[in-house]
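*Asks:* Coordinates only, no sequence provided:
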């Protein structure tokens with residue numbers, strides 16, 4: 001039976017973003033609970049971007065998404081994964097009215113939430129709301145449309161504690177997430193942080209939303225397939241003023257990498273979800289020194305981040321080998337280290353039938369390549385069960 005718990009070598013550390021890995025998180029937790037998720041805090045789009053625009057602070061959307069996904073179904077999970085209506089919703093519900101009903105505990109979502117957690121959640125929402133009132137912008141109001149209640153609660157608790165890590169522990173407690181499962185921000189900072197990319201043609205894009213899903217509005221289009229203007233040569237962090245910045249890595253990250261039995265680079269947004277975890281000082285060194293299995297889960301399809309225009313204006317796609325080369329460059333911090341790909345990756349999983357597949361150059365022949373069947377519903381997506389089976393078979 002698939003739900004039999006499997007013993008893995010020590011813990012499994014997964015470098016992920018907030019969305020793509022959600023596809024196999026449930027299946028993975030049905031097999032093992034010794035899991036550590038390391039997540040970036042550099043998103044600046046959607047509900048997260050709107051919050052940052054008014055009250056500042058790090059991006060918490062990916063962390064909130066992972067925490068909610070890890071929780072068992074309950075009334076608490078239901079309210080914390082709820083999104084307010086979009087401004088153009090078919091039911092013509094007013095987002096601000098729904099927000100007030102939730103804030104004042106008049107909304108049906110509160111039904112079934114235990115009393116003590118009602119007041120914990122409401123306190124966080126009240127802190128968030130009170131902070132918004134002190135940040136009133138005379139040029140525009142805060143946009144509640146499609147806002148995440150989980151993001152609002154998380155932000156309120158972060159303002160209360162003044163610590164991202166402390167807020168994660170509170171969120172875990174409220175959702176009843178088991179202690180063996182950890183969610184760690186790659187940077188434990190209480191300030192806004194974002195990304196920038198340098199490209200071959202000399203252009204520079206600032207902010208995750210502009211890199212991954214550019215939009216002229218706060219409601220970003222995450223389905224855009226418009227390629228990047230040029231090939232990426234370097235990813236780096238920027239501070240709240242969009243100046244180059246090297247943040248200090250969260251103190252919990254390197255010890256987990258040192259003791260991990262398996263390290264996984266998850267599929268997802270390559271430059272904005274995976275690589276931000278890898279470019280900080282200490283990460284490359286820790287992974288090289290680790291004797292663990294080091295597994296890359298290759299994306300099953302292309303997106304904006306992995307396509308670009310060449311000098312003639314023709315659309316190009318990153319090859320299987322270029323994914324690996326860019327991963328190595330990021331872990332080497334673009335020249336600060338000179339480690340080999342095999343120091344960072346021992347195994348690569350890729351999707352059967354995917355357009356992203358190995359061609360067999362000298363570097364990749366040193367790696368173990370594993371094929372995994374796609375989902376029966378979508379040919380460009382992994383079967384969660386088959387992917388987890390393969391991950392655990394490599395890890396054992």
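*Replies:* Looks like it arrived, so ask away. Just so we're clear, the structure is a prediction, and the values are computed from it rather than from any experiment.
*Asks:* Do you have the strands of the stretch 51-200 of the chain handy? List them.
*Replies:* 182-185, 194-199 (DSSP state E, counting those that start in this stretch).
*Asks:* got a markdown table for these, with distance to residue 344 too?
*Replies:* The C-beta positions use only the backbone N, C-alpha and C, and glycine is treated the same way. Output for these, formatted as a markdown table (distance: least, Cβ to Cβ, whole Å):
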| stretch | distance to residue 344 |
| --- | --- |
| strand 182-185 | 19 |
| strand 194-199 | 21 |
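*Asks:* what's residue 117 in contact with, if anything?
*Replies:* 76, 174 (Cβ atoms under 8 Å, 6 or more residues apart in numbering).
*Asks:* rewinding a little: adding mean neighbour count and mean pLDDT, write the strands of the stretch 51-200 of the chain out as TSV.
*Replies:* TSV is the format used below for the strands of the stretch 51-200 of the chain (neighbours: other Cβ atoms under 10 Å; pLDDT from 0 to 100):
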stretch	mean neighbour count	mean pLDDT
strand 182-185	22	95
strand 194-199	21	95
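*Asks:* just so I know, which of those strands lies nearest residue 34?
*Replies:* With Cβ to Cβ as the measure, strand 182-185 is the member of the strands of the stretch 51-200 of the chain nearest residue 34 (9.5 Å).
*Asks:* mind checking how far the closest one is from the chain centre?
*Replies:* Distance of strand 182-185 from its chain centroid, counting by Cα atoms, centre = their mean, to the nearest Å, is 11 Å.
*Asks:* From the contact counts, what lies against it?
*Replies:* The helices and strands touching strand 182-185, judged by 3 or more Cβ pairs under 8 Å, 6 or more residues apart in numbering; DSSP states H and E, are strand 35-39, helix 61-70, helix 164-175, helix 253-259.
*Asks:* Worst mean pLDDT among the ones you listed?
*Replies:* Mean pLDDT values for the helices and strands packed on strand 182-185 show the minimum at helix 61-70, a mean of 93.
*Asks:* Test my guess that residue 157 contacts residue 165.
*Replies:* No - shown here, residue 157 and residue 165 do not form a contact pair, counting by Cβ atoms under 8 Å, at 11.6 Å.
*Asks:* between these two, which one's more packed in?
*Replies:* residue 157 (26 against 15; other Cβ atoms under 10 Å).
*Asks:* Please report how far the more buried one lies from residue 62.
*Replies:* 16 Å (Cβ to Cβ, to the nearest Å).
*Asks:* next one: residue 295
*Replies:* Residue 295 is 21 Å from residue 62, by Cβ to Cβ.
*Asks:* neighbour count winner among these two?
*Replies:* Neighbour totals were compared for residue 295 and residue 62, and residue 62 leads with 27 against 24 (other Cβ under 10 Å).
*Asks:* returning to what we had before: so which of the strands of the stretch 51-200 of the chain comes closest to residue 325?
*Replies:* Across the strands of the stretch 51-200 of the chain, the minimum distance to residue 325, taken as Cβ to Cβ, is reached by strand 194-199, at 15.8 Å.
*Asks:* who does the closest one pair up with?
*Replies:* strand 204-206 (antiparallel), strand 232-238 (antiparallel) (DSSP bridges).
*Asks:* and the lengthiest helix in the chain with helix 164-175, angle?
*Replies:* When the chain is parsed with DSSP state H, its longest helix is helix 115-134. Orientation check (axes from the mean of the first three to the mean of the last three Cα atoms, to 10 degrees): helix 115-134 against helix 164-175 gives 140 degrees.
*Asks:* buried stuff in helix 115-134?
*Replies:* By 16 or more other Cβ atoms under 10 Å, the buried positions in helix 115-134 come out as 117, 120-122, 124-125, 127-128, 131-132.
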